[in-house]
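K.L.:
give the three-dimensional model of this entry:
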Amino acid sequence: MNSEQKRLFDILVKLDKFLKKHNIDYYIDGGTLIGAIRNRGFLPWDDDVDTVMTRANYEKLLNVADELYDEGLDLACYERYKDYTKNSVKVIDLSTTMILYGDIVHR
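P.N.:
Got it, this is the predicted structure:
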């Protein structure tokens, strides 16, 4: 596991703890799921963590999203940031800077 993947894993551990605390179900998906099964970790080229949840669980997450700050995380999505233009939701590590191809989420 490289240093970037270690950081991603740490974010996933924080997110998992938070979601369990709030009884929000989620699943790993995509390359994250393939890596967990096939490589027992990350795919060597993977640079993100893919998670999914039902709309009902997403609504629950939106209701408690401000509490993510206590974990050093934030939830980037249109419902929270009207100038967020992506169609996916991102969990952000607040100890880093996030720039999405010209979109700035935290100013």
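K.L.:
burial check on Asn39, number of neighbours?
P.N.:
For Asn39, the count of nearby residues is 12 (other C-beta atoms under 10 Å). For the C-beta atoms, the positions are set from N, CA and C on the backbone; glycine is no exception.
K.L.:
can you read off the pLDDT for it?
P.N.:
We note a pLDDT of 94 for Asn39 in this prediction.
K.L.:
need the strands for this structure, in chain order.
P.N.:
With DSSP state E as the definition, the chain shows strands at residue ranges 27-28, 51-52, 73-76, 90-93, 99-100, 103-104.
K.L.:
quick check: Arg7 touching Gly72?
P.N.:
No - applying C-beta atoms under 8 Å as the test, Arg7 and Gly72 come out as separate, 11.6 Å apart.
K.L.:
who's the spatially most central residue of the chain bridged to?
P.N.:
Geometric centre of the chain, nearest residue: Val91, 3.2 Å, by C-alpha atoms, centre = their mean. On the basis of DSSP bridges, Val91 is bridged to Leu75.
K.L.:
correct me, but it touches Phe18?
P.N.:
No - taking contacts as C-beta under 8 Å, Val91 lies outside contact range of Phe18: 9.4 Å.
K.L.:
common neighbours of those two, please.
P.N.:
Shared contacts of Val91 and Phe18 (C-beta atoms under 8 Å, 6 or more residues apart in numbering): 68, 73.
K.L.:
find residues that contact each of Arg7 and Gly72.
P.N.:
Asp93.
K.L.:
where exactly do the helices run in this structure?
P.N.:
Using DSSP state H, the helices of the chain run over 3-21, 30-34, 55-64.
K.L.:
want to try CSV for these, with mean pLDDT, mean neighbour count and distance to Thr85 as columns?
P.N.:
Formatted as CSV, the helices of the chain follow (pLDDT from 0 to 100; neighbours: other C-beta atoms under 10 Å; distance: least, C-beta to C-beta, whole Å):
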stretch, mean pLDDT, mean neighbour count, distance to Thr85
helix 3-21, 94, 14, 22
helix 30-34, 96, 16, 21
helix 55-64, 98, 14, 18
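K.L.:
cool, thanks, talk later.
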